[in-house]
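K.L.:
could you work out the structure for the sequence below:
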Amino acid sequence: MPVHLIEKYFFYSFSTSYKILDKSINIIISMVKKMNSFLFDVSIFVDIGIVFHILQFLPTIGIKFLISFKTGKRKLTLTFKGRPLFSEEENQKGLTDHSLYIVVLIPAWNEQDTVAKSVTSILTQTRKPDKVLVVPNNTTDLTAVAAMAAGAQVLVMPGKNTKKKAGALNYVLDQLSAELDSHKHSAVIVMDADTTVDSDFVERAENKMGRNKYVGGVSSIFVGRNSHNILGTLQQMEFARFRWLVKERIEVYVLSGTASLISWNALKKVKEARIIGKQLPKGDSYYDVDSMTEDNELTLALLALGYTIPHVGIESITDVMEDFKSLYNQRKRWYMGALQNIKMYGLKMPV
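P.N.:
Numbering: from 1, shown residues only. Model (predicted):
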């Protein structure tokens, strides 16, 4: 092959390769620029997320999704020491200036040793409830006798209750519905039969509910009763830390089953929403009898319907588990129940 043709061939090959390489480099540079732009945009969101995350856990400054007293809807709110930095309390729309009609409901299963203390703690409140009703179900001991001796009324749930606490509460609420409806503003206190509460719980919870029509329930903050072994003492420490966390919040994580004041109108709206099945998962009563953690599920239901669930800093003292089997079964029910509720609510989960 002539030399000039060889030179021409190499020149053409080099020129083509250079053009391809140059084009490839330009494409890579363009991709890098786009990637840098993308990473910059992502970094902004990451930085914002980190700031939000830090602010949520600082003991003084935070950002919480709280209900607006002006609109009745939730919005991001800057808080200081757990309270809104710019208070809207003057915009609260009160429920009533009059006393609520309050009925205490204490479902009980073989609680003859503890129910009297629970009844006494609620009957000696600074604001006495209008009725205290113990609801024995599946009971084989003298729970009913002990409750009556302490001053409570008793409504025994007939037959075998396969739906446990939620079933007993639905039964007694159905029995009391006409009585509760006969008063303009009614509420129930749901309380465990192994729990005692501070003496001003009813008074302070009633005041909190009366001042704000968006309050669906007012919770106590549970703490552990004194224990005689290390397992129980560790739970007391755990509950003490939980109390500290909750007191820094406007609302509770869960409307406590140990002792909570719940609006009767809110409970009726929960039942109606369950039957319709749009805002809440399908159901036919006040409490979800299929949930392993009915208190957690009712909390989600009230939040999904636009209610707020504050506390008043009042403690309820409840039993701790003093053996590993009981503790395991309790925590398994709590954690599995919470996951069950999240799965059940899906996109209906309140923000």
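K.L.:
helix or strand right after the strand or helix carrying Glu315?
P.N.:
Assigned by DSSP states H and E, Glu315 belongs to strand 311-318. Using DSSP H and E, the helix or strand that directly follows strand 311-318 along the chain is helix 324-345.
K.L.:
if you average pLDDT over that next one, what comes out?
P.N.:
The predicted model gives helix 324-345 an average pLDDT of 88.
K.L.:
tell me which other helices or strands it touches.
P.N.:
helix 230-247, helix 294-304 (3 or more C-beta pairs under 8 Å, 6 or more residues apart in numbering; DSSP states H and E). No exception for glycine: its C-beta is placed from N, CA and C like everyone else's.
K.L.:
contacting residues around the strand holding Glu315?
P.N.:
191-192, 194-198, 200-201, 204-205, 207-208, 218-225, 243, 246-247, 249, 251-252, 256, 258-259 (C-beta atoms under 8 Å, 6 or more residues apart in numbering).
K.L.:
for this structure, which segments count as helices?
P.N.:
3-57, 115-123, 143-150, 164-181, 201-211, 230-247, 264-276, 294-304, 324-345 (DSSP state H).
K.L.:
most packed of those helices?
P.N.:
Stretch with highest mean neighbour count among the helices of the chain: helix 294-304 (a mean of 24; mean count of other C-beta atoms under 10 Å).
K.L.:
alpha carbons only: can I get that one in CSV?
P.N.:
Extracted in CSV, the C-alpha atoms of helix 294-304 (Å, rounded to 0.1, in the frame of the first residue of the first chain):
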residue,chain,number,x,y,z
GLU,A,294,-57.4,-1.2,71.4
ASP,A,295,-56.2,2.0,73.1
ASN,A,296,-53.6,2.7,70.4
GLU,A,297,-56.2,2.0,67.7
LEU,A,298,-58.7,4.4,69.3
THR,A,299,-56.0,7.0,69.5
LEU,A,300,-55.5,6.7,65.7
ALA,A,301,-59.2,6.9,65.1
LEU,A,302,-59.6,10.1,67.1
LEU,A,303,-56.6,11.7,65.4
ALA,A,304,-57.9,10.6,61.9
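K.L.:
skipping adjacent residues, who's closest to Gln175 in space?
P.N.:
With sequence-adjacent residues excluded and distances taken as C-beta to C-beta, 6 or more residues apart in numbering, Gln175 is closest to Leu155, at 6.6 Å.
K.L.:
how many other residues sit next to the one you found?
P.N.:
18 (other C-beta atoms under 10 Å).
K.L.:
let me have the helices and strands packed on helix 324-345 in JSON lines, extended by mean pLDDT and distance to Met31.
P.N.:
Shown next, in JSON lines, are these (pLDDT from 0 to 100; distance: least, C-beta to C-beta, whole Å):
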{"stretch": "helix 230-247", "mean pLDDT": "86", "distance to Met31": "47"}
{"stretch": "helix 294-304", "mean pLDDT": "92", "distance to Met31": "45"}
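K.L.:
export these to JSON lines and tack on distance to Asn161?
P.N.:
Putting the helices and strands packed on helix 324-345 into JSON lines (distance: least, C-beta to C-beta, whole Å) gives the following:
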{"stretch": "helix 230-247", "distance to Asn161": "28"}
{"stretch": "helix 294-304", "distance to Asn161": "13"}
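K.L.:
between those, which gets nearest to Asn265?
P.N.:
Among these, the nearest to Asn265 by C-beta to C-beta is helix 294-304 (11.3 Å).
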